[in-house]
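Participant: take this sequence and fold it.
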Amino acid sequence: MAAFSGLSGKHDFVPVIRDADVIAVALRQALVEASPEERPGLERAAALVESTAAATEGRLRARWVRSRLATVGFTGDIDSVAAVKALRRTEPKLSLLAAVQLQKEALNHPE
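Facilitator: Numbers count the residues shown, from 1 in each chain. A predicted model of the protein is given here:
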């Protein structure tokens, strides 16, 4: 989660920023211009971008939570107080409310 200029204190929200559509357009253009050797890799990349673009905001937040927990080496139960503490340790600007909401997103969207 990137810091936003001008924001201070605890935050009760985590915005989802999607740029997969821009990347998909660039990949489609690259496919048009690709040599036969480049095509398989670009087709695979395009498929990955499309699957990511199709993910709901809840699923994206759940992925983000898991990645942040992995960053601090958390391997416990996501449905625990320790998970909320670990999430807030890795993202100190998250309010308790936001951390709990994100925890619920992760629980609602298992891997």
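Participant: wait, what's in contact with the residue lying closest to residue 72 once chain neighbours are set aside?
Facilitator: Leaving aside its sequence neighbours, residue 72 sits nearest to residue 90 (Cβ to Cβ, 6 or more residues apart in numbering; 4.7 Å). Quick note: C-beta positions are derived from backbone N, CA and C, even for glycine. By Cβ atoms under 8 Å, 6 or more residues apart in numbering, the contact list for residue 90 reads 68-69, 71-72.
Participant: and which of these is nearest residue 94?
Facilitator: For the contacts of residue 90, the closest approach to residue 94 (Cβ to Cβ) belongs to residue 68, at 9.3 Å.
Participant: and for residue 20, the neighbour number?
Facilitator: 17 (other Cβ atoms under 10 Å).
Participant: residues contacting residue 87?
Facilitator: Listed by Cβ under 8 Å, 6+ apart, the contact partners of residue 87 are 65, 68-69, 94, 99, 102-103.
Participant: how close does it sit to residue 20?
Facilitator: Taking Cβ to Cβ, to the nearest Å as the measure, residue 87 falls 24 Å from residue 20.
Participant: all strands for the protein, in order.
Facilitator: Under the criterion DSSP state E, the chain contains no strands.
Participant: I'd like the distance between the residue positioned nearest the centre of it and residue 16.
Facilitator: With distances taken as Cα atoms, centre = their mean, the residue of the chain nearest its centroid is residue 64 (3.7 Å). Look at residue 64 and residue 16: by Cβ to Cβ, they are 8 Å apart.
Participant: and what of residue 75?
Facilitator: Separation of residue 75 from residue 16 (Cβ to Cβ): 25 Å.
Participant: the more surrounded of those two?
Facilitator: It is residue 16, of residue 75 and residue 16, that has more neighbours when counted by other Cβ under 10 Å, with 12 against 8.
Participant: what pLDDT does the residue lying closest to residue 78 once chain neighbours are set aside get?
Facilitator: Nearest non-adjacent residue to residue 78, counting by Cβ to Cβ, 6+ apart: residue 106, 5.1 Å away. Listed pLDDT for residue 106 reads 95.
Participant: ok, residue 106 touching residue 62?
Facilitator: Yes. Under the criterion of Cβ atoms under 8 Å, residue 106 makes contact with residue 62 at 4.4 Å.
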